[in-house]
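1. What shape does this take:
(2 chains)
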Amino acid sequence: DAKTTQPPSMDCAEGRAANLPCNHSTISGNEYVYWYRQIHSQGPQYIIHGLKNNETNEMASLIITEDRKSSTLILPHATLRDTAVYYCIVRGQTGANNLFFGTGTRLTVIP
Amino acid sequence: NAGVTQTPKFQVLKTGQSMTLQCAQDMNHEYMSWYRQDPGMGLRLIHYSVGAGITDQGEVPNGYNVSRSTTEDFPLRLLSAAPSQTSVYFCASRTFRDRKSYEQYFGPGTRLTVT
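-> Got it, this is the predicted structure:
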């Protein structure tokens, strides 16, 4: 499984877009990029996933570079409730079961 | 739907004691798993199951047993608790059946302290 690299922490002003980067330079062709978040010791929450096209849902957008070696999770209008640890995970389709979490990015949304 | 439920929320054990952490889901999900999270770290997979009667080891299985006799329940047993098992334990489930099958649903966690 490809390894991911994320900055340990980021700040974002409330109401602004939060852009969380993730590097996965060893990703292979059949591996997906998943994003989960964990709000203050609660169970992780799925956000979004993608293979090579950009994806958008009601929570966020996922932008994957053309070479697929990096991606960005975008929270378009961050709120205080978005303060959490965000995990970028790369897994193959059959490996969507067993997720390997790193230490993620701690996003703090500032009023 | 209650989603994924875990009991107890908190537990304190003495070294050498055994106990079972309960996990149940009411979404008829085929896949269930257990993770542990140590302070300041990400989650690590302990055991998982892809259906009733089928279990397998994850990344850190030592000291834990699981069984899956029904689709709904996936209990985690600590055989002889050790201080190194002090952690927060999360149960998760997902389905293989539809477009949302990539999404895993996590329970609220059980905070275990072993003294």
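2. Go through stretch B:107-115 and flag the buried ones.
-> Buried positions in stretch B:107-115, judged by neighbour count with 16 or more other CB atoms under 10 Å in any protein chain shown: B:107, B:108, B:109, B:110, B:111, B:112, B:114. Every C-beta, even on glycine, is put in place using the N, C-alpha and C of the backbone.
3. beta partners of the last one?
-> Beta-bridge pairing for residue B:114 (DSSP bridges): residue B:13.
4. Get me the contact residues on chain B for chain A.
-> Neighbours of chain A within chain B, by CB under 8 Å from any CB of the partner chain: B:4, B:31, B:33, B:35, B:40-45, B:48, B:50, B:58-59, B:88, B:90, B:92, B:94, B:101-109.
5. Any of those buried? List them.
-> For those, a burial check counting by 16+ other CB under 10 Å picks out B:4, B:31, B:33, B:35, B:42-45, B:48, B:58, B:88, B:90, B:92, B:94, B:101-109.
6. picking that back up, filter the buried residues of stretch B:107-115 down to just the ones in helices.
-> Within the buried residues of stretch B:107-115, no residue falls in helices by DSSP state H.
7. Within range of chain B, give me the residues from chain A.
-> Counting by CB under 8 Å from any CB, chain A sits next to chain B at A:32, A:34, A:36, A:41-46, A:49, A:87, A:96-104.
8. is it fair to say residue B:84 lies in a strand?
-> No - per DSSP: H, G, I helix; E, B strand; the rest coil, residue B:84 lies outside any strand segment and is helix.
9. element containing residue 22?
-> Just so you know, I chose chain A. strand A:18-23 (DSSP states H and E).
10. that's the wrong chain, I meant chain B
-> Per DSSP H and E, the secondary structure element for residue B:22 is strand B:19-25.
11. And the helix or strand containing residue A:85, what's buried?
-> Assigned by DSSP H and E, residue A:85 belongs to strand A:84-92. Going by neighbour count (16+ other CB under 10 Å), the buried part of strand A:84-92 is A:84, A:85, A:86, A:87, A:88, A:89, A:90, A:91.
12. quick one, what contacts residue 104?
-> Here I'm looking at chain A. A:6, A:38, A:85, A:86, A:87, A:88, B:42 (CB atoms under 8 Å, 6 or more residues apart in numbering or on different chains).
13. actually it's chain B I care about, not the one you picked
-> A:36, A:44, A:46, A:96, A:99, B:31, B:33, B:92, B:93, B:94 are the contacts of residue B:104 under CB under 8 Å, 6+ apart.
14. cool, residue A:98 as well?
-> Contacts of residue A:98 were listed using CB under 8 Å, 6+ apart, and they are A:91, B:33, B:45, B:48, B:58.
15. quick one: low-confidence parts of chain A?
-> Along chain A, the parts satisfying pLDDT under 70 run over A:1-2, A:92-97.
16. can you pull out the strands in it?
-> Using DSSP state E, the strands found in chain A span residues A:9-13, A:18-23, A:31-38, A:45-50, A:55-56, A:61-64, A:70-75, A:84-92, A:105-110.
17. Can you say which of those strands is nearest to residue B:24?
-> Among the strands of chain A, the nearest to residue B:24 by CB to CB is strand A:45-50 (19.0 Å).
18. Next, the angle strand A:84-92 makes with the closest one.
-> Computed by axes from the mean of the first three to the mean of the last three CA atoms, to 10 degrees, the angle separating strand A:45-50 from strand A:84-92 equals 40 degrees.
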